[in-house]
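# give the three-dimensional model of this entry:
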Amino acid sequence: MEYKYLGKEITHEKLQSMKTAEREQLCSELRDKILNTVSQNGGHLASNLGTVELTVALLSVFDYKKDKIVFDVGHQSYSYKLMTGRFDRFNTLRKRDGISGFPRVSESPYDAFDTGHSSTSISAAMGIARARDLEGKKFNVVAVIGDGALTGGLAYEAINDLGHSKTRMIIILNDNEMSIDKNVGGLSKHLSKLRISSGYISAKQTTESFLQKLGFVGRGLIKLILAIKDFFRFLLYRKTPSMFDDLGLNYYGPIDGHNMDDLIKALDAAKDIRGPVLIHVITKKGKGYAPAESNPSDYHGVGPFDLETGVASSGNHSYTSVFANTLTELAANNPKIVGISAAMTIGTGLDNFQMKYPARFFDCGIAEEHCVTMAGGLAVSGFIPVVAIYSSFLQRAYDEMITDCCFMNNHVVFAIDRAGFVGNDGHTHHGLLDISYLNSMVNMTVFSPRDYKDLSRCLTYAVENVKGPVAVRYPRGTSPFESGAPLYQDISDCVRPHISRDYGKDFVIVSTGKISEEADKAADILNGLGISGKHINVSMIKPVPAKEILELMDGAEKVYSLEEGIISGGFGEALEREFEGLGFFGGVTVFGVKNPIVRAMSQKEQIAYCGLDGDSLAASIKESLPKT
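Alright, predicted model coming up:
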């Protein structure tokens, strides 16, 4: 497509002056650019396609150089990036040294807040709005949040505060799940349009201000008028006031999120309201691309795909699918096993479990804290809850894991997906902190399996043999050991360390998880250079099987640890501490991540960037050994 608007500066004044047909042309160009880029780079597609008109309407009403727009999660920010000076760099989306797939303050002065996790936009926007008021400034603050993110408790905490404080800001509720109810008759349609007009709002505010001055009588009249308004609204719409009205927000909607004229009228009118406003917008995920419209879940977060067919190339297996298949098999023989997800049923692979055992599956929405505490309740009642949550999202439930599971020694199994580097989603989605925060938890057992069969054994052992809280962490993607012989043979093997390479006693590498592949490579490279050592692989990393590791070392004195996580509080530090308790004071050189802010690039690039690839490990170990 030849672009008429994209590639040029799109100012607020230019957008204001556009006619409807021109805005529609701009939307077409935005969708074309998003589709072509995401099909090449991967990214969040369906949600971004669904909010094109909404974004154009927002920037037609609000000046992005002055006003602040906070996108929740950031899955819908691509159009905004394209219209705020990043068109020329958009082809670098989610690439190394390119632009992020999420809003980033460091990337653009027009990104108001870093996002990547759900349900934060209203709280962040309130902070910005309160700072504005403290400084006596006049700009607008807008939070854009989806109906999925609204299931997160943080969003309701913010709304409760907002309704109480009456802070002036606007919330756009982007609802892409429910359909728009048909208007009942011409009067209903007229009143709906009238209610979001600036004249109506101005008159409403003037009347309320006048009545407030009348004191007790005026406040009584306000309550009477509101009651009458709600009565007639019920007669017309057969609806009671929305919960947002009850929480103290001015609610308007629902509005067709693909009708820019209606959107602009509503947004323009909302700017005049001296308090919190929620505008309820209905959009369709995947809008404009038939495969994404038909299957929005499949096109939520995608890798590169064929734009014509919509088909992406993918392998048959992944760590996620192996976890899901193993759990489903275990559940067939144990009716006490239940599965729990936090709005990631497909992402965590639990959709098959849900179909087979619907009564034993619970999707709690984006509510990780609730998931974990509920799992604690199931555990004290004799069930075995398996909580499947991505590593970076589980951080939200740190307190609940400690107080509601670990302190009571409840047998809750945490299936921690996306442990380690995640690739192009960048630093907000890495699972680099879980070993460290799990190590801080009393009674917690932690497994970090190396390959598919190891994962299956670790999960089985965690479900059937561990008595208290237990975590099984596994990475995104496929196993490098898929075609090789499994290192571990029996279920109980997962609690013992095993030798993966045995060339001599010059050094020992102790590794855990998928990244042990790089330790194998380093040992092979060094052996080729005449430096002969061992590589010991460990799957159970808490408690650390330090005594068994020392026995396998066979007198070697130079020890190196390797993990796909931060060094501070991680496996290597725990290993060194346990070694000292057993009288080994030779020390451990820890290879891990020093700074978890590792930007978007492929997983392989991220490992090399942090110096954890086989070549870098071999070079570092060679440099540290005696020159002789």
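# helix/strand/coil for H429?
coil (DSSP: H, G, I helix; E, B strand; the rest coil).
# does it really touch A419, like I thought?
No. Using Cβ atoms under 8 Å, H429 is not in contact with A419; the gap is 11.4 Å. Yep, even glycine has a C-beta here, placed from its N, CA and C like the rest.
# these two: who's more crowded?
Neighbours per residue, other Cβ atoms under 10 Å: of H429 and A419, the larger number sits with A419, 29 against 22.
# so that one sits against E564, correct?
Yes. With contact defined as Cβ under 8 Å, A419 and E564 form a contacting pair (7.2 Å).
# for I567, which non-adjacent residue is spatially closest?
Leaving aside its sequence neighbours, I567 sits nearest to G592 (Cβ to Cβ, 6 or more residues apart in numbering; 4.1 Å).
# tally of neighbours for that neighbour?
Using other Cβ under 10 Å, G592 has 23 other residues around it.
# now do the buried residues in stretch 20-37.
23, 26-31, 33-35, 37 (16 or more other Cβ atoms under 10 Å).
# do stretch 64-79 as well
64, 67-79.
# what's the closest of these to G339?
V73 (23.9 Å; Cβ to Cβ).
# which SS state does the nearest residue to the closest one once chain neighbours are set aside fall under?
Excluding the flanking residues, the one nearest V73 by Cβ to Cβ, 6+ apart is S118, at 5.1 Å. Recorded secondary structure, S118: coil (three-state DSSP).
# isn't S118 up against G365?
No. Counting by Cβ under 8 Å, G365 is not a contact partner of S118; they are 9.8 Å apart.
# next, show the common contact partners of those two.
Residues within reach of S118 and of G365 at once, by Cβ atoms under 8 Å, 6 or more residues apart in numbering, are 148, 152.
# neighbour count winner among these two?
When S118 and G365 are compared on other Cβ under 10 Å, the one with more neighbours turns out to be S118, at 27 against 18.
# look up how far S39 lies from I145.
Counting by Cβ to Cβ, to the nearest Å, the gap from I145 to S39 is 27 Å.
# higher neighbour count, those two?
More crowded of I145 and S39, by other Cβ under 10 Å: I145, with 28 against 20.
# counting by contacts, list what the host helix or strand of the more buried one packs against.
Element membership of I145 [criterion: DSSP states H and E] is strand 141-146. Strand 141-146 sits against helix 52-61, strand 68-71, helix 121-134, strand 169-175, with contacts defined as 3 or more Cβ pairs under 8 Å, 6 or more residues apart in numbering; DSSP states H and E.
# CA-only coordinates of that strand, as PDB, when you get a sec.
Only the C-alpha atoms of strand 141-146 are listed here, as PDB (Å, rounded to 0.1, in the frame of the first residue of the first chain):
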ATOM      1  CA  VAL A 141      -4.700  12.300  31.500                       C
ATOM      2  CA  VAL A 142      -6.200   9.200  29.900                       C
ATOM      3  CA  ALA A 143      -5.900   5.600  30.900                       C
ATOM      4  CA  VAL A 144      -6.800   2.900  28.200                       C
ATOM      5  CA  ILE A 145      -7.600  -0.400  29.800                       C
ATOM      6  CA  GLY A 146      -9.100  -3.600  28.400                       C
END
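# can I get the buried residues of stretch 20-37 in JSON lines with secondary structure?
Below are the buried residues of stretch 20-37 laid out as JSON lines (three-state DSSP):
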{"residue": "R23", "secondary structure": "helix"}
{"residue": "L26", "secondary structure": "helix"}
{"residue": "C27", "secondary structure": "helix"}
{"residue": "S28", "secondary structure": "helix"}
{"residue": "E29", "secondary structure": "helix"}
{"residue": "L30", "secondary structure": "helix"}
{"residue": "R31", "secondary structure": "helix"}
{"residue": "K33", "secondary structure": "helix"}
{"residue": "I34", "secondary structure": "helix"}
{"residue": "L35", "secondary structure": "helix"}
{"residue": "T37", "secondary structure": "helix"}
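# quick check, nearest of those residues to D272?
Distances from D272 to those, taken by Cβ to Cβ, are shortest for R23, at 22.3 Å.
# verify the stated contact: that closest one with L58.
No. When contacts are counted by Cβ under 8 Å, R23 is not listed as touching L58 (11.9 Å).
# residue ranges with poor pLDDT in the chain?
177-242, 312-316, 482-489, 628 (pLDDT under 70).
# domain parsing of it, as residue ranges.
12-181+249-302, 185-237, 319-473, 497-624 (automatic domain parsing).
# chain center to the longest one, what's the gap?
What that stands for is domain 12-181+249-302. 17 Å (Cα atoms, centre = their mean, to the nearest Å).
# where's the residue sitting nearest the centre point of the chain relative to A124, distance?
Centroid-nearest residue in the chain, with Cα atoms, centre = their mean: H117, separated by 4.4 Å. Counting by Cβ to Cβ, the separation of H117 from A124 is 11 Å.
# now for the helix or strand where H164 lies, which elements pack on it?
Assigned by DSSP H and E, H164 belongs to helix 153-165. If you count contacts as 3+ Cβ pairs under 8 Å, 6+ apart, helix 153-165 packs onto helix 121-134, strand 169-175.
# tell me which of these sits most buried.
strand 169-175 (a mean of 26; mean count of other Cβ atoms under 10 Å).
# got the angle between it and helix 121-134?
Taking axes from the mean of the first three to the mean of the last three Cα atoms, to 10 degrees, strand 169-175 and helix 121-134 form an angle of 160 degrees between their directions.
# what does strand 169-175 contact?
Contacts of strand 169-175 (Cβ under 8 Å, 6+ apart): 50-51, 54, 58, 76, 122, 125-126, 129, 140-147, 150, 159, 162, 249, 253-254, 257, 267, 270-271, 276-283.
# now a ChimeraX select for only the buried ones of those residues.
If you want just the buried ones from the contacts of strand 169-175 in ChimeraX, going by 16+ other Cβ under 10 Å, the selection is:
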select :50,51,54,58,76,122,125,126,129,140,141,142,143,144,145,146,147,150,159,162,249,253,254,257,267,270,271,276,277,278,279,280,281,282,283
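# returning to what we had before: looking at the buried residues of stretch 64-79, which is nearest K542?
Comparing the buried residues of stretch 64-79 against K542 with Cβ to Cβ places V73 closest, at 31.2 Å.
# the closest one touches F113, doesn't it?
No. V73 lies out of contact with F113 (Cβ under 8 Å); the separation is 11.5 Å.
# shared neighbours of these two, anything?
S121.
# which one of the buried residues of stretch 64-79 is nearest to F244?
D72 (15.9 Å).
# do you know how far the closest residue to the closest one other than its chain neighbours is from L154?
Distances taken as Cβ to Cβ, 6+ apart place S121 nearest to D72, at 3.5 Å, with adjacent residues excluded. S121 sits 10 Å away from L154, going by Cβ to Cβ.
# equivalent analysis for G530, please.
57 Å.
# give me the more crowded residue out of these two.
L154 (19 against 8).
# quick check, that one in contact with T120.
Yes. The criterion here is Cβ under 8 Å, and L154 meets it with T120 at 6.4 Å.
# for A342, give me its contacts.
If you count contacts by Cβ under 8 Å, 6+ apart, then A342 has 363-368, 371, 389, 393 around it.
# an error on my part: the question was meant for A388.
Neighbours of A388 in contact, by Cβ under 8 Å, 6+ apart: 323, 339-341, 344, 348-350, 415, 417.
# strands along the stretch 201-350 of the chain, start to end?
All strands of the stretch 201-350 of the chain, identified by DSSP state E, counting those that start in this stretch, fall at 250-256, 276-282, 301-302, 337-341.
# among these, which is nearest E578?
Proximity to E578 (Cβ to Cβ) singles out strand 337-341 among these, at 32.2 Å.
# residues in contact with that closest one?
By Cβ under 8 Å, 6+ apart, the surrounding residues in contact with strand 337-341 are 327, 330-331, 348, 350, 353-354, 357, 360-364, 371, 374-375, 378, 383-389, 463.
# rerun that using 6 Å as the cut-off
330-331, 348, 350, 353, 360-363, 371, 375, 383-388 (Cβ atoms under 6 Å, 6 or more residues apart in numbering).
# partners of it, with directions?
Paired neighbours of strand 337-341 in the sheet (DSSP bridges): strand 361-363 (parallel), strand 384-390 (parallel).
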